[in-house]
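Chemist: give me a 3D structure for the following:
(chains A, B, C and D)
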Number of protein chains: 2
Amino acid sequence: MRQISPYISVDCVLFGYNGSELEVLIVDRTLKDDNSDELIINDRTLTGNHVYEDETIEDAAYRVLFDLTGLDSVFLEQFKTFANPDRLKRPNDQLWLQRTNRNPDARIVTVGFYSLVATDKVKLIWKGRNVNWVPVKEVGELAFDHNEILQEALKTLRLRIKYEPITFELLPEKFTLTQLQNVYEAIWGIELDKRNFRKKIARMKYLITLDEKQTGVAHKPARLYVFSREVYTKTKKELFDFTI
Amino acid sequence: MRQISPYISVDCVLFGYNGSELEVLIVDRTLKDDNSDELIINDRTLTGNHVYEDETIEDAAYRVLFDLTGLDSVFLEQFKTFANPDRLKRPNDQLWLQRTNRNPDARIVTVGFYSLVATDKVKLIWKGRNVNWVPVKEVGELAFDHNEILQEALKTLRLRIKYEPITFELLPEKFTLTQLQNVYEAIWGIELDKRNFRKKIARMKYLITLDEKQTGVAHKPARLYVFSREVYTKTKKELFDFTI
DNA sequence: AATACTTAGTGTTTTTTTTACACTTACGAG
DNA sequence: CTCGTAAGTGTAAAAAAAACACTAAGTATT
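Modeler: Next up, the predicted model:
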């Protein structure tokens, strides 16, 4: 029997992109009263998980993602650890811990990871719970300290895409330049100039133009591109600057 | 009696700058054989500490630094968490844990913090142990997973100084532009052009020129500058770019 | 008093990057 | 066939980056 660590957990901020907005995966947390059928808890969380005693935290985070998405090679990065002694002390959280057979007094350290997936690659299933993509802007109050975790993940993401070519993770394998530009715009919440964006992109040798076009769109079809990790690895400088 | 958390610790990578090289604070770890006076352990570690049950990890890290340096307002930032189940399993580490009355089988999650201080501000004292500034390049093998922790801290530092004005933390309050340039050179391990560096610096309104000069140097004395956090806070853009 | 030594401090030119900005093209829908 | 929609393209001006060498102002040495 594999032992669960009673004091470490991982929380995954799974970012998705649906073609127009940056979204995040949110799980409903509901708890019914034992007697009546009334919901005594009905709120939302990020996806999290326990860590097995013999498991690395990275593996635990991959496990969450695999269970959720069926994907086993998603981008995943640790961004911050949350260990405030009071982080699970709000009434609903205490109640939840009790009813799910955990020690409500334990101090649980959670390591935050964020991941990036193209929303449409994913069919969502998770432990029978209700999971939804929610635009980051429309995420309301979350349980535990999950609003803080989400904000920190977003901060890391906004900075990281300046340096590392990870925006592709949010797109289908073949994508158009407009889609790529939209991803930056969605993450930073700003608008970019199309021509200047393309000039910048043109310098990146690891963006490979395919001999292929969009089909089935009611306008001029766009060219498709792929990201070549091979070219990227070969050509990247030590302190890569991806600033757009 | 304040309870110590048996499974969380903090490790602090304390970077210092001595005027020419980037250094890091290293602690000697020695253990004598009970019978003979022979040293059975004689190696080196970063500075770490336990966390009290009712204490945030940030406070624990500040506590390490205060104990070490007597300073209570050093720059400190969390950078990564290390939780590999095997991280304390090497023979010397196991022995050390036994002899210092800790459970060698426990899985201890450590949260890495890095801090920046001007080496000469600090008089080192720590729990009667021998502590030394060591140039980052000359740090040899460290105990536990501390080499990995140091490398990750360095990676974070190298990136962070592109975005945030934290290099001043490694200098005396009043400093010269050459000193500032040397800090960037020491951290990145590259040489920068003096004139181009100064042109870049001239754009930063929060670097205040003082009406004061170096004294006691056997050459033309340099002007002194201070960093104004007030001006910085007022003028910084959302996505600040400190690239040099 | 003169000279040597050392680091401070400064400007220009060229190249690259950024910014601002508007029209034509290719497809499907009706 | 025409309408609607997003794709795709160039230029000029401004800003930033890169390359590059000499003079100035102190202390130390003789």
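Chemist: quick one: the helices in chain A?
Modeler: Remark: helices of chain A, listed N- to C-terminal, are A:57-69, A:91-99, A:146-160, A:177-188, A:194-202, A:229-235; assignment by DSSP state H.
Chemist: so which elements touch the longest strand along chain A?
Modeler: When chain A is parsed with DSSP state E, its longest strand is strand A:4-17. On a contact count with 3 or more C-beta pairs under 8 Å, 6 or more residues apart in numbering or on different chains; DSSP states H and E, strand A:4-17 meets strand A:22-32, strand A:47-52, helix A:57-69, strand A:75-82, strand A:109-118, helix A:146-160, helix A:177-188, strand B:4-17. Using the backbone N, CA and C atoms, a C-beta is placed for each residue, glycine as well.
Chemist: quick check, that strand touching DNA strand D?
Modeler: No. Contact between strand A:4-17 and DNA strand D, assessed by C-beta under 7 Å from any atom of the strand, is absent, since the two come no nearer than 14.9 Å.
Chemist: do you know the pLDDT at the residue of chain A positioned farthest from its centre?
Modeler: Ranked by distance from the centre of chain A (C-alpha atoms, centre = their mean), the top residue is A:Asn35, with 37.1 Å. A:Asn35 carries a pLDDT value of 86.
Chemist: in chain A, what residue is nearest chain B?
Modeler: Among the residues of chain A, A:Thr81 lies nearest to chain B; the distance is 4.3 Å by C-beta to the nearest C-beta.
Chemist: follow-up on the earlier one: relative to strand A:47-52, how tilted is the longest strand of chain A?
Modeler: With axes from the mean of the first three to the mean of the last three C-alpha atoms, to 10 degrees as the basis, strand A:4-17 and strand A:47-52 are set at 150 degrees to each other.
Chemist: the residue nearest to A:Tyr62 when sequence neighbours are not counted and DNA strand C, how far apart?
Modeler: Spatial nearest neighbour of A:Tyr62, chain neighbours left out: A:Leu76 (6.3 Å); criterion: C-beta to C-beta, 6 or more residues apart in numbering or on different chains. Taking C-beta to the nearest atom of the strand, to the nearest Å as the measure, A:Leu76 falls 29 Å from DNA strand C.
Chemist: for A:Leu76, which residues are in contact?
Modeler: Listed by C-beta atoms under 8 Å, 6 or more residues apart in numbering or on different chains, the contact partners of A:Leu76 are A:12, A:58, A:61-62, A:65, A:113-115.
Chemist: if we can go back for a sec, what comes up buried for the longest strand of chain A?
Modeler: Buried residues in strand A:4-17, counting neighbours by 16 or more other C-beta atoms under 10 Å in any protein chain shown, are found at A:5, A:7-17.
Chemist: got the residues of chain A near DNA strand C?
Modeler: If contacts are counted using C-beta under 7 Å from any atom of the strand, the residues of chain A sitting beside DNA strand C are A:193-196, A:199-200, A:203, A:213, A:215-221, A:243.
Chemist: of those residues, closest to B:Asp120?
Modeler: Distances from these to B:Asp120 were compared by C-beta to C-beta; the smallest belongs to A:Thr243, at 35.4 Å.
Chemist: could you chop chain A up by domain?
Modeler: With domains defined by automatic domain parsing, chain A comprises A:4-160, A:167-235.
Chemist: get me the contact residues on chain A for DNA strand D.
Modeler: Taking C-beta under 7 Å from any atom of the strand as the criterion, the neighbours of DNA strand D within chain A are A:176-178, A:194-196, A:198-199, A:213, A:217-223.
Chemist: restricted to buried residues, select those in ChimeraX.
Modeler: Typed into ChimeraX, the line below selects the buried ones among these, using 16+ other C-beta under 10 Å:
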select /A:176,177
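Chemist: returning to what we had before: list the beta-bridge partners for the closest residue to the residue of chain A closest to chain B other than its chain neighbours.
Modeler: Leaving aside its sequence neighbours, A:Thr81 sits nearest to B:Thr81 (C-beta to C-beta, 6+ apart; 4.3 Å). Taking DSSP bridges, one obtains B:Val111 as the residues bridged to B:Thr81.
Chemist: how deep is B:Thr81 tucked in, by neighbour count?
Modeler: A total of 26 residues lie near B:Thr81 under the criterion other C-beta atoms under 10 Å in any protein chain shown.
Chemist: please export the C-alpha coordinates of stretch A:66-82 as CSV.
Modeler: C-alpha atoms of stretch A:66-82 as CSV (Å, rounded to 0.1, in the frame of the first residue of the first chain):
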residue,chain,number,x,y,z
PHE,A,66,-2.7,12.8,-16.4
ASP,A,67,-5.8,12.0,-14.4
LEU,A,68,-7.5,15.1,-15.6
THR,A,69,-6.5,15.2,-19.2
GLY,A,70,-5.2,11.9,-20.2
LEU,A,71,-2.1,13.7,-21.5
ASP,A,72,1.3,12.7,-20.3
SER,A,73,3.6,15.2,-21.8
VAL,A,74,2.2,18.6,-20.8
PHE,A,75,4.3,21.5,-20.0
LEU,A,76,4.7,21.8,-16.2
GLU,A,77,6.7,24.0,-14.0
GLN,A,78,6.9,24.7,-10.3
PHE,A,79,6.4,28.3,-9.5
LYS,A,80,5.9,28.8,-5.8
THR,A,81,5.3,27.1,-2.5
PHE,A,82,2.5,28.0,-0.1
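Chemist: list the buried residues for that stretch?
Modeler: Along stretch A:66-82, the positions that meet the burial threshold by neighbour count (16+ other C-beta under 10 Å) are A:68-69, A:74, A:76-82.
Chemist: and for stretch A:180-194?
Modeler: By neighbour count on 16+ other C-beta under 10 Å, the buried set for stretch A:180-194 is A:180-188.
Chemist: for stretch A:200-214, same thing?
Modeler: Taking 16+ other C-beta under 10 Å as the neighbour-count basis, stretch A:200-214 is seen to contain the buried residues A:204, A:206-207, A:214.
Chemist: mind listing which of the residues you listed are in strands?
Modeler: Secondary structure from DSSP E places A:Leu207 of the buried residues of stretch A:200-214 in strands.
Chemist: average pLDDT for stretch A:127-136?
Modeler: Stretch A:127-136 carries an average pLDDT of 90.
Chemist: ok, A:Asn132 touching A:Val24?
Modeler: No. Assessed by C-beta atoms under 8 Å, A:Asn132 is found out of contact with A:Val24, at 9.7 Å.
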